[in-house]
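**Student:** This is the structure alone, sequence omitted:
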């Protein structure tokens with residue numbers, strides 16, 4: 001499905017760009033047909049959108065790099081907690097084991113709103129808080 005997955009902070013939205021057409025919509029998924037959005041097959045517009053896509057691509061990072069960064073942040077959090085005197089050593093090591101068990105090997109996409117999550121716990125929290133029940137998993 002995806003040849004190369006990349007990450008760019010702060011960008012929300014969905015669009016599809018091919019050699020012959022462009023489509024953008026609030027929700028692009030196989031489950032829902034497009035009922036509203038923007039479509040163009042005009043060559044000048046496609047050239048402009050390709051330039052925009054290339055700019056976004058250039059500023060993004062490979063998903064594997066972002067995942068490693070998130071895993072390192074998780075380890076840093078564990079490391080910081082080890083120095084808090086109010087936690088006993090058994091609590092700290094148990095917490096560390098739980099954090100390290102959060103290996104990032106997939107990402108989750110809400111089928112209803114398109115929100116993306118790295119951790120299953122975050123996707124579950126999203127389900128509870130929004131009432132969105134279907135989450136798609138994409139192994140990396």
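**Tutor:** Alright, I've got the coordinates. These numbers come from a predicted model, not from an experiment.
**Student:** how about residue 130, what does it touch?
**Tutor:** Counting by Cβ atoms under 8 Å, 6 or more residues apart in numbering, residue 130 touches 110, 112-113. Every C-beta, even on glycine, is put in place using the N, C-alpha and C of the backbone.
**Student:** which residues of this structure fall in helices?
**Tutor:** 43-59, 63-81, 89-100, 120-130 (DSSP state H).
**Student:** re earlier: in strands, which of the contacts of residue 130 fall?
**Tutor:** residue 110 (DSSP state E).
**Student:** Confidence-wise, which of the helices of the chain is weakest overall?
**Tutor:** Mean pLDDT is lowest for helix 89-100 among the helices of the chain, at a mean of 46.
**Student:** who's the most centrally placed residue in the chain bridged to?
**Tutor:** Per Cα atoms, centre = their mean, the C-alpha nearest to the average position across the chain is that of residue 116, at 3.8 Å. For residue 116, the beta-bridge partners are residue 109 (DSSP bridges).
**Student:** Would you mind listing the buried residues in stretch 115-124?
**Tutor:** Neighbour counts over stretch 115-124 (16 or more other Cβ atoms under 10 Å) mark 115, 117-118, 123 as buried.
**Student:** cool, and stretch 8-23?
**Tutor:** Across stretch 8-23, burial judged by 16+ other Cβ under 10 Å covers 22-23.
**Student:** end-to-end on that stretch?
**Tutor:** Taking Cα to Cα, to the nearest Å, stretch 8-23 runs 20 Å from one end to the other.
**Student:** next one: that stretch to chain centre, how far?
**Tutor:** Offset of stretch 8-23 from its chain centre (Cα atoms, centre = their mean, to the nearest Å): 15 Å.
**Student:** And stretch 6-18, by the same measure?
**Tutor:** Offset of stretch 6-18 from its chain centre (Cα atoms, centre = their mean): 10 Å.
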